[in-house]
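Return atomic coordinates for the entry below.
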Amino acid sequence: MTDITITLTDTEQALLLVNEGNDHPAWSTVAAKIRTAHWVPDFTPWRHGGWYVINLRYPSGAVGCVSRNYPDRKWRIACDHRPGSFYGGPDDRTYPNRIAAARAERELAEAQYRRIAQLEELRDELEELRDEGSDYGVLEATELAALTGKPVALPVNDRVPALGDH
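The predicted model follows:
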């Protein structure tokens, strides 16, 4: 494994210093773009002929993997579970090289982390409502359904159940 040194521009360093600890959504987007722009994938051979991206982890702990072991020899994310993204599928995604494929896979992993953070934030908000004895509101049910992708079949006036309740 080769050590890679990343040099930030003076502007990027200034942004990082000035905004250290800033949780404003706009800054989060800028910081993410800076981190992504300077992220360099680290590859190791995969036994099936692709490449592990060893510095990319999903929330599940899985490591990234890209490959061009397809009849058309185009680069793809090996375990892309998005609907239709399989080889020859209606939303088949290909990339010009393994670095581009790894960067795209990093975006997938980051999206999963963001989704988990959203769900945890919503869970905490719903816990607060439950603790306050609040009724389960339409807005909360709509947010929960949107974030989980599953319909919420609770009447509007039902109390928020405890997280362990079934």
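
Which phi and psi values does P71 adopt?
Backbone dihedrals for P71, given as degrees, to the nearest 10, come out at phi -50, psi -30.

give me the number of residues near I116?
By other CB atoms under 10 Å, the residues close to I116 number 11. Yep, even glycine has a C-beta here, placed from its N, CA and C like the rest.

so it touches P59, yeah?
Yes. Proximity of I116 to P59 meets the contact threshold set by CB atoms under 8 Å, at 5.6 Å.

Start from the N-terminal end of this structure and give the helices.
Taking DSSP state H to define them, one finds helices in the chain at 10-18, 25-38, 98-131, 138-148.

Comparing those helices, which yields the minimum mean pLDDT?
If the helices of the chain are sorted by mean pLDDT, helix 10-18 sits at the bottom with a mean of 55.

Alpha carbons of stretch 108-115, as CSV, please.
Once non-C-alpha atoms are left out, stretch 108-115 reads as follows in CSV (Å, rounded to 0.1, in the frame of the first residue of the first chain):
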residue,chain,number,x,y,z
LEU,A,108,-23.4,5.4,-2.8
ALA,A,109,-21.9,4.6,0.6
GLU,A,110,-22.1,8.2,1.7
ALA,A,111,-25.8,8.3,0.7
GLN,A,112,-26.4,5.3,3.0
TYR,A,113,-24.6,7.1,5.9
ARG,A,114,-26.7,10.2,5.3
ARG,A,115,-29.9,8.1,5.2
